[in-house]
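structural data only, the sequence is not supplied:
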């Protein structure tokens, strides 16, 4: 069905997902937390393991990854780092599709996650049965999916992209005369359409964190802080993206805080990103974009409840027990690796 001029939103009834309540972390004394951190460091060494953490996880996990020679990054860089690291065990602090991507690119390695129940609303909004059926109904379209998808959806796609490389990939495909079926984030797809002018069929998924940012409340905050630069992830609604000084991936937003001369920044993405921003630009003032305002439900409040399932205690537990293993069948991993590798190869041509 037509959603607006030049845009086609998939006429699919996606499942309604249950968003978990934000976990209430157990308060630990400083000495207890430090002892736990030291135990985790010992276990990482004993298991020949490396910790890779997403920018949206809690600061304790990010700091521990940095301190132990691991990696704090976006989902693709986490997987690439793991592929190049000699450790035979990868501990992925993030959500399930990130662990799966690491396993797909490192199938011979053991991949553990602190909590296998940590999923993603975009992944949940795009079940393989519905998505595959929809793709079958549009066989003349090239299927491009965002990295925030299951291994099965990746295997059904022609290309996998991150928010950082989506624009050049879509421009490349359009120049080849290909028609695009995009999934699962409709806001990111809509942003790409506005930037490229390419008509795409958009899967109707969205991120529970980014969808909560409110344009009217953001405008009011901008008026109170007229010198602040507004940084927005393109998974946000169009009315929020329209107010941005910088629109980009998590990595691009972090770089903007270092690069731009502004003293203040209003940031419309998961608040977990503030940890790395403060490390790299401690003199800057960071303000969270508002999720309050007319129509707000605040299921997320700018923090992903699934990311918050990753804790120091859960990390120690999986290292102690070996539980929390991510498994992807070799044949599925091989099929999912093809569109991911296609993106990686394309990224190399951009760097040349």
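Okay, I see it. Fair warning: this is a prediction, and the values are worked out from it, not measured in the lab. Numbering: from 1, shown residues only.

and residue 83, how many neighbours does it have?
12 (other Cβ atoms under 10 Å). Quick note: C-beta positions are derived from backbone N, CA and C, even for glycine.

need the contact list for it.
Counting by Cβ atoms under 8 Å, 6 or more residues apart in numbering, residue 83 touches 105, 106.

need the distance between the two termini of stretch 95-112.
End-to-end distance of stretch 95-112: 11 Å, with Cα to Cα, to the nearest Å as the criterion.

what comes up buried for that stretch?
Buried residues in stretch 95-112, counting neighbours by 16 or more other Cβ atoms under 10 Å, are found at 95-106, 109-112.

run a quick neighbour tally on residue 69.
Counted with other Cβ under 10 Å, residue 69 comes out at 11.

now residue 182
Neighbours around residue 182, by other Cβ under 10 Å: 28.

that one against residue 201, yeah?
Yes - the criterion here is Cβ atoms under 8 Å, and residue 182 meets it with residue 201 at 6.7 Å.

quick one, longest helix in the chain?
In the chain, with assignment by DSSP state H, the single longest helix is helix 330-351.

which residues touch it?
Taking Cβ under 8 Å, 6+ apart as the rule, helix 330-351 contacts 80, 100-101, 103-105, 107, 145, 151-152, 154-155, 157-162, 165, 168-169, 172, 328.

inside strands: which ones of those?
Per DSSP state E, strands hold the following members of those: 145, 159, 160, 161.

neighbour-wise, which of those residues leads?
Neighbour-wise, these (other Cβ under 10 Å) top out at residue 160, 28 neighbours.

that residue pairs with what?
Note on residue 160: beta-bridge partners by DSSP bridges are residue 145.

ok, it - contacts?
Here residue 160 is in contact with 144, 145, 146, 147, 149, 154, 336, 339, 340, 342, 343 (Cβ under 8 Å, 6+ apart).

make it 10 Å
76, 101, 104, 143-147, 149, 153-154, 169, 336-344 (Cβ atoms under 10 Å, 6 or more residues apart in numbering).

just the buried ones from these?
Here, 16+ other Cβ under 10 Å leaves 76, 101, 104, 143-147, 149, 153-154, 169, 336-337, 339-340, 342-344 buried among the contacts of residue 160.

between residue 182 and residue 201, what contacts are shared?
Going by Cβ under 10 Å, 6+ apart, residues that sit against residue 182 and also against residue 201 are 8, 10, 141, 143, 189.

outline the domain layout of this structure.
If you go by automatic domain parsing, the domain ranges for the chain are 30-118+306-330, 122-207, 210-288.

dump these into TSV; add mean pLDDT as well.
Shown next, in TSV, are the domains of the chain (pLDDT from 0 to 100):
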stretch	mean pLDDT
domain 30-118+306-330	95
domain 122-207	96
domain 210-288	96
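
closest one to residue 20 among these?
domain 30-118+306-330 (6.9 Å; Cβ to Cβ).

and that closest one, how far out from the chain's middle?
16 Å (Cα atoms, centre = their mean, to the nearest Å).

stretch 8-28 too?
14 Å.

quick one: average pLDDT of it?
Regarding stretch 8-28, the rounded mean pLDDT is 82.

first to last residue in that stretch, what's the distance?
50 Å.

again, but for stretch 176-193
By Cα to Cα, one end of stretch 176-193 lies 16 Å from the other end.

residues of it that come out buried?
178, 180-193.

distance between that stretch and the chain's centre?
The mean C-alpha position of stretch 176-193 is separated from the chain mean by 17 Å, Cα atoms, centre = their mean.

swap in stretch 232-248?
Remark: stretch 232-248 is offset 15 Å from the chain centroid, using Cα atoms, centre = their mean.

now swap in stretch 264-273 and tell me
That offset, for stretch 264-273, works out to 14 Å (Cα atoms, centre = their mean).

related to what we said a few turns ago, out of the shared contacts of residue 182 and residue 201, which one sits closest to residue 127?
residue 10 (13.2 Å).

can you give me every residue that contacts the residue lying closest to residue 126 once chain neighbours are set aside?
Excluding its sequence neighbours, the residue lying closest to residue 126 (Cβ to Cβ, 6 or more residues apart in numbering) is residue 184, at 3.8 Å. Contacts for residue 184 (Cβ under 10 Å, 6+ apart) come out as 10, 14, 120-127, 131, 145-146, 148-150, 153, 202-207.

residue 184 and residue 21: what is the separation?
Distance, residue 184 to residue 21, using Cβ to Cβ, to the nearest Å: 24 Å.

element containing residue 42, please.
For residue 42, the host element (DSSP states H and E) is helix 30-46.
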